[in-house]
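Enquirer: Next input, structure requested:
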Amino acid sequence: MDFLYNYGPALVGLIAAISIAAHCWNRFRPASVTILIWFSVALVIGQFVFFPEGNENQIDLLIRFLVFGTLAFGPAALLILFSLRSAKFKSGLEKISTADLVLTQTYRIGGVFLILAYLRGDLPAEIGLISGLMDVTIAISAIALAIHLRRDGQNARGLVRAWAIFSLLDFGWATSMKFASFFGVLELNPDPAMLGNPPLLIISLFALPLGIFISVYLLVRTRKQQVTS
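Expert: As a prediction, this is how the structure comes out:
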């Protein structure tokens, strides 16, 4: 069980990165290269401890928190910006079907590691149990939704939007809990510091920003499709 917990998040991320890169290779090659480099960098940074136990230096903790937040949300912001401003990036994304974009989120099955962290006493129920179950639900529903899209994609835009919104709510919940705990608004037990430490850090650096981007992009895509139809 310890082996699964310690190496599982990185393994799920690796499988996701390789699968996405392989799928995009003949459709949008820059995306393949980017996803592999991104995962490699996230894997290396994911070995650092952002929130060491016993650190009471508030300034140091704030700096660590800001760096962690930038690394977790910065890539999503950049990808969203490119998808809106870069014609080449938009053209490449259009070659990837909505069903395939939804399927990328099957890696959210990694939510089982948040549940394991809760059971081990490393994360509070508000994140380990609730966010973990939401992640697993999103991963399983991604498969069902992708199958439905391949059969009746034209009439499933509402389902895609609802699914994407639920995906963002999952991220929003976990993020709000982390922020509320760090700034003392909520007292969670234990403190959700493990989201910024290995082995779960890879989730925050890779799975979270990629999931945010995919969800936002799907909302934008389905909105445009609705307007032009």
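
Enquirer: where does this structure have low pLDDT?
Expert: 153-154, 229 (pLDDT under 70).

Enquirer: Identify the residues contacting Val136.
Expert: Arg108, Ile109, Gly111, Val112, Ile115 (Cβ atoms under 8 Å, 6 or more residues apart in numbering). C-beta: built from backbone N, CA, C; applies to glycine.

Enquirer: how far away is it from Arg64?
Expert: Using Cβ to Cβ, to the nearest Å, one obtains 29 Å as the distance from Val136 to Arg64.

Enquirer: Could you check which helix or strand contains the residue nearest to the spatial centre of the chain?
Expert: By Cα atoms, centre = their mean, the chain has its centre lying nearest to Leu208, at 2.2 Å. Assigned by DSSP states H and E, Leu208 belongs to helix 208-228.

Enquirer: Can you list the buried residues in the helix or strand where Leu79 lies?
Expert: Assigned by DSSP H and E, Leu79 falls within helix 58-85. For helix 58-85, the neighbour count (16 or more other Cβ atoms under 10 Å) marks 61, 64-65, 68-69, 71-73, 75-76, 79-80, 83 as buried.

Enquirer: Who are the packing partners of it?
Expert: Counting contacts by 3 or more Cβ pairs under 8 Å, 6 or more residues apart in numbering; DSSP states H and E, helix 58-85 packs against helix 87-94, helix 208-228.

Enquirer: Take these and write them to JSON lines, including distance to Met1.
Expert: Supplementary listing: the helices and strands packed on helix 58-85 in JSON lines, determined by distance: least, Cβ to Cβ, whole Å:
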{"stretch": "helix 87-94", "distance to Met1": "39"}
{"stretch": "helix 208-228", "distance to Met1": "24"}
